[in-house]
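> Only the shape, not the letters, is given here:
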């Protein structure tokens, strides 16, 4: 079968041959709406045409600036609209004449304003575009981030492709999700901010994500659902074959009012939305932190946890161990005592004074015995996962680094960063090897305040290195326990659906 026969109708939207930015600003800008600069940063011109359009300029940063879309070279597949709302009807006519494939309206001021006349303008322009076979994203949104196609809607996005598909009604939240998860090692196949959803809506993108071979995990921020039945059917199709995690905005009265003024969406009943997610087999996150943690879990071997017994290794203090055990217990997990046979074996490596080997395990043996001890812990009866804090060997920051952890000018700081990166890679490999050798999922814990001080600016080295090895890392025991409990509950209510959590992605 040819690739053309299996291509999704929306695939061309994500792979344009040339992009025109209409209404491009006269000066470089790294904030919201700096699309031209973001596309230069990703080096889109290396693979396709990039054409700035502004009738008030003849060039921008040495590149030709065209007076209108019709003056740009052919073909132009994708248009980014930064023109005021009043200028949009004319731009739509130019898109039809130019035979573009898709248009992204960063332009706001339509149905989300509550103004009936502007809502009518929005409907009219979408009708005209649809009649011409042109798909529209927005209005009032940030558009597309596709690393493979070198598309980005904000500066600082990685050009490395991954396997997480992001769908967001909010552009700001889309940026927060990308930037936040990137620091934890996640990379994206595609991200879409779709705003008002006047044409392409959540169900269209869920349908695409379900069949996209690059996308293994799907994450969404949604304020309101426009076509309820179409959304539910697309959600079912997608969640049947891939983990789908949704953060719902507008779940309270105040949030619902904010959502309506933001994208013109009516948020609807959270109870109905919850029921739809459960019936489809999707997971709903309550907060942005939960969404981040669940994505890490679904994309790493945290997904393989099948029981509730936790071995906590390397806590670094009795008080920490007590609070950690409380946090684990609150989430419905357990901290089983080590079998006496395992304790006796571990005592061969660990002196009695000042250490505990009875779970939580506050002890580090000499390096030559560490792997043997870890295997004892991971394979002990009643242990379904290991929470592990890699606290030894990290280079301590200099005073300058501690006060300004983003300063990269200090040679000492750079040396510390390089050393920490190497240690992070070694620790990540150690955790991954333990998982592989024992079959017990290993979950990394980075205690926020202590690790930040010890690791300086390289704190993200551990999370990124671990993610690449298939190990989920969390900023606290409480968040790790909460995430594991949610994953287990998710698996329970998915019974009868295909098992999407069997193997590492």
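All right, it came through fine. As the structure is a prediction and not an experimental result, all values here were calculated from the model.

> gap between the two ends of stretch 437-446?
23 Å (CA to CA, to the nearest Å).

> now what about that stretch, what contacts it?
301-302, 304-305, 375, 378-379, 383-390, 428, 431-432, 434-435, 459, 462-463, 466, 471-477, 480, 484 (CB atoms under 8 Å, 6 or more residues apart in numbering). All C-beta atoms are positioned from the backbone trio N, CA, C, and that covers glycine.

> Only the buried subset of those residues, as a PyMOL command please.
PyMOL command restricting these to the buried ones, with burial defined by 16 or more other CB atoms under 10 Å:
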select buried, resi 301+302+304+305+378+383+384+385+386+387+388+389+390+428+431+432+434+435+459+462+463+466+471+472+473+474+475+476+477+480+484
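
> residue boundaries of the strands in the stretch 51-200 of the chain?
For the stretch 51-200 of the chain, the strands defined by DSSP state E, counting those that start in this stretch cover 59-60, 63-64, 78-81, 102-105, 135-137, 143-145, 164-168, 188-193.

> same check, this time on the stretch 251-400 of the chain
Under DSSP E, counting those that start in this stretch, the stretch 251-400 of the chain gives strands at 283-285, 310-313, 385-388.

> Could you pull out the buried residues of the shortest one?
In other words, strand 283-285. Those buried within strand 283-285 under the rule 16+ other CB under 10 Å are 283, 284, 285.

> With stretch 481-500 instead?
481, 482, 483, 484, 485, 486, 487, 488, 490, 491, 494, 500.

> among the residues you listed, which are in helices?
When DSSP state H is applied, these are split such that 481, 482, 483, 484, 485, 486, 487, 488, 490, 491 fall in helices.

> got those residues as JSON lines, with distance to residue 41 and pLDDT columns?
What follows is these, written out as JSON lines (distance: CB to CB, whole Å; pLDDT from 0 to 100):
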{"residue": "481", "distance to residue 41": "39", "pLDDT": "98"}
{"residue": "482", "distance to residue 41": "36", "pLDDT": "98"}
{"residue": "483", "distance to residue 41": "33", "pLDDT": "98"}
{"residue": "484", "distance to residue 41": "37", "pLDDT": "98"}
{"residue": "485", "distance to residue 41": "40", "pLDDT": "98"}
{"residue": "486", "distance to residue 41": "36", "pLDDT": "98"}
{"residue": "487", "distance to residue 41": "36", "pLDDT": "98"}
{"residue": "488", "distance to residue 41": "41", "pLDDT": "98"}
{"residue": "490", "distance to residue 41": "37", "pLDDT": "97"}
{"residue": "491", "distance to residue 41": "40", "pLDDT": "96"}
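
> and of these, the nearest to residue 160?
Among those, residue 483 lies closest to residue 160 (CB to CB), at 24.6 Å.

> Tell me the spacing between that closest one and residue 300.
11 Å (CB to CB, to the nearest Å).

> what about the nearest residue to residue 174 once chain neighbours are set aside, neighbour count?
Closest residue to residue 174 apart from its sequence neighbours, by CB to CB, 6 or more residues apart in numbering: residue 168 at 3.7 Å. Neighbour count for residue 168, taken as other CB atoms under 10 Å: 28.

> what are the bridge partners for residue 103, then?
On the basis of DSSP bridges, residue 103 is bridged to residue 79, residue 136.

> check contacts around it.
So residue 103 contacts 78, 79, 80, 81, 91, 92, 95, 129, 134, 135, 136, 137 (CB under 8 Å, 6+ apart).

> Could you tell me what pLDDT the model assigned to the first one?
Note on residue 78: pLDDT of 98.

> Helix, strand, or coil at the closest residue to it other than its chain neighbours?
Excluding its sequence neighbours, the residue lying closest to residue 78 (CB to CB, 6+ apart) is residue 16, at 3.7 Å. When classified by DSSP: H, G, I helix; E, B strand; the rest coil, residue 16 comes out as coil.

> Any idea which of the strands of the stretch 251-400 of the chain gets closest to residue 147?
Going by CB to CB, the one of those nearest residue 147 is strand 283-285, 23.8 Å.

> Run through who's touching that closest one.
Under CB under 8 Å, 6+ apart, the answer for strand 283-285 is 243-248, 273-274, 277, 291, 294, 486, 490.

> how far does the top helix by length along the chain sit from the chain's center?
Identified as the longest helix of the chain according to DSSP H is helix 411-438. With CA atoms, centre = their mean, to the nearest Å as the basis, helix 411-438 stands 23 Å off its chain's centre.

> Of all the residues in that helix, which ones are buried?
Buried residues in helix 411-438 (16+ other CB under 10 Å): 413, 416-417, 420-421, 423-425, 427-428, 430-432, 434-435, 438.

> go on, stretch 114-129?
118, 119, 121, 122, 125, 126, 129.

> Any chance of TSV for those, columns distance to residue 345 and pLDDT?
Formatted as TSV, the buried residues of stretch 114-129 follow (distance: CB to CB, whole Å; pLDDT from 0 to 100):
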residue	distance to residue 345	pLDDT
118	72	93
119	71	93
121	74	94
122	70	94
125	72	96
126	69	97
129	70	98
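
> So which of those residues is the closest to residue 67?
residue 125 (21.5 Å).

> from the buried residues of strand 283-285, which single one is nearest residue 57?
When the buried residues of strand 283-285 are compared against residue 57 (criterion: CB to CB), the nearest one is residue 285, at 43.9 Å.

> Now that closest one: closest residue in space, sequence neighbours ignored.
Nearest to residue 285 is residue 291, by CB to CB, 6+ apart, at 4.0 Å.
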